[in-house]
Structure formats: C-alpha cells, structure tokens
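Asks: one predicted model, sequence on top.
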Amino acid sequence: MPLLYSIGKLTVGNLLKVGWRPHVEGLEYVPRTGGAIFAGNHLSVADELFIGAVVPRHLAFWAKSDYFDGTGFSGWFNRNLMNGLGAIRVQRAGGRDALAAFDSAIPVLKAGDMVVVYPEGTRSPDGRLYRGRTGVARLAVAAGVPIIPVGTLGTEKVQPIGQPYPLPFRGRPIVKIGKPIDVTGRADDRTSLRALTDEVMAEIQKLTGQEYVPRYAPAKKADPQ
C-alpha cells in the first residue's frame, strides 16, 4: 500500500468512519491478495471516500490529467500527491483518451492491485441506476481479474453534487460489497462484453435497490469529477 494512502486511511479514513459511521456489508468478498475491479454505482464524490475508508486494501482511483500536468508549487504538490496515492491518470476528453486510461490500469491490476470503476460513466443525476458502459467488462477480461460489484447509498446526502466536502449530520452512508464475478473464459467481443456489463449492473442493482434505467446517464455539462 502506498505510504500516502496508508497515512490517508489512518487520518481521513478514520475520521470518516468515526464522523459518519458508515455501515458496511460484504467485506468477506474482498480478496486478500490479487487484482480485482470494484464496480459501483455513482451518487456522489463521497462514494470513493467511503469505499476507500472501509476496504482494508489499497484501491486505485482515477484522477484527472490536470492533477499530473500542473506547473509551479501547486502542480508539483498535486502531481506528487496523486503519485503517492497510487492514482491512475485519466484524460477527460473521452474517446481514445478514455481507452488509453483503461489500458494504463491493466498493468496495475495484473500487478495485484485493485481498481475502482463506475460503469455509469458519471454520477447519477436523479438517484437512479443507469445502463453501464462496457469498459469495465473490457478491462476485467483484458487483465484477467474478477469484478466485485459494490453499492453505495446515502452518499448523495453527505456530499451532494456541487458540495466540495462531506457535510456532517447528513445521514449514515452504506457500502454493500457483493460476490466477485469471475471473468475466466469470457470472450471480449462486443456482444459478450455487453452481456457481462449488464450482469454487473444487475448485481449492483440488487445491492442498492435503485430503480434501473436501461439507457446511459446524461452527461453533465460541468462535472468537476
């Protein structure tokens, strides 16, 4: 586990657990070793904060390329912070840049680390669960690692869209971790990846109880995350 991540778990992680008392289920499904993808619903920026706080192993999150490319002291600080946390660089432009970001996660997974992916591609605008994009399936099959469905509830109250930090006394977040989905022998053609992605989203829906919407979530014009 990267040193800064360990420090973060001892400080910020414990603060989140003491201050908001997140309820967690399914920790027994977190593998002790080996790579895996955590595939979750996305209600708030706080999703990754609370998932990171309750999961005992290191989780590699995605970070905008801006954090790696800045200049001056702030650029140096952000770059070293992201590298120290073991973050994965991602371009916000989408398309081939997004595919390159997924490709950069493959060696991370093969090296035995775990990566968090939000298949919806953006935060839910209304609390419903939207159709997943197939990148999560493509990544799992390419790296040969299981997909672990995870559902978070209540984080949209703790940190609503546009709120820069978690708010106290706004409920108790819930993190539910499901049984890993083995991708051994899965094909990587479009139809097979679509079927695997739909299976993942169905498992997430079972964990959260959200209403499922069989279309992609609308992109927000100014999504800071």
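Replies: Looks like it came in fine.

Asks: next helix or strand past the helix or strand bottoming out on mean pLDDT in the chain?
Replies: In the chain, the helix or strand scored least confidently by mean pLDDT, DSSP states H and E is strand 62-64, which has a mean of 79. Counting by DSSP states H and E, the next helix or strand C-terminal to strand 62-64 is helix 66-69.

Asks: what packs against that following helix?
Replies: helix 72-85 (3 or more CB pairs under 8 Å, 6 or more residues apart in numbering; DSSP states H and E). Placement of C-beta: from N, CA and C, glycine included.

Asks: which residues does whichever helix or strand comes after the helix it packs on contact?
Replies: Going down the chain from helix 72-85, the next helix or strand is strand 88-90, by DSSP H and E. By CB atoms under 8 Å, 6 or more residues apart in numbering, the residues outside strand 88-90 that reach it are 60-65, 68, 82, 97-98, 101, 104-105, 108, 115.

Asks: residues contacting residue 157?
Replies: 170-171.

Asks: picking that back up, so how do I select the buried members of the contacts of strand 88-90 in ChimeraX?
Replies: Buried residues within these, by 16 or more other CB atoms under 10 Å, are selected in ChimeraX with:
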select :60,61,62,63,64,68,82,98,101,105,108,115
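
Asks: where does pLDDT dip in this protein?
Replies: 91-99, 220-225 (pLDDT under 70).

Asks: need the helices for it, in chain order.
Replies: Along the chain, counting by DSSP state H, helices occupy 3-8, 14-20, 46-54, 66-69, 72-85, 96-110, 135-143, 155-158, 190-208.
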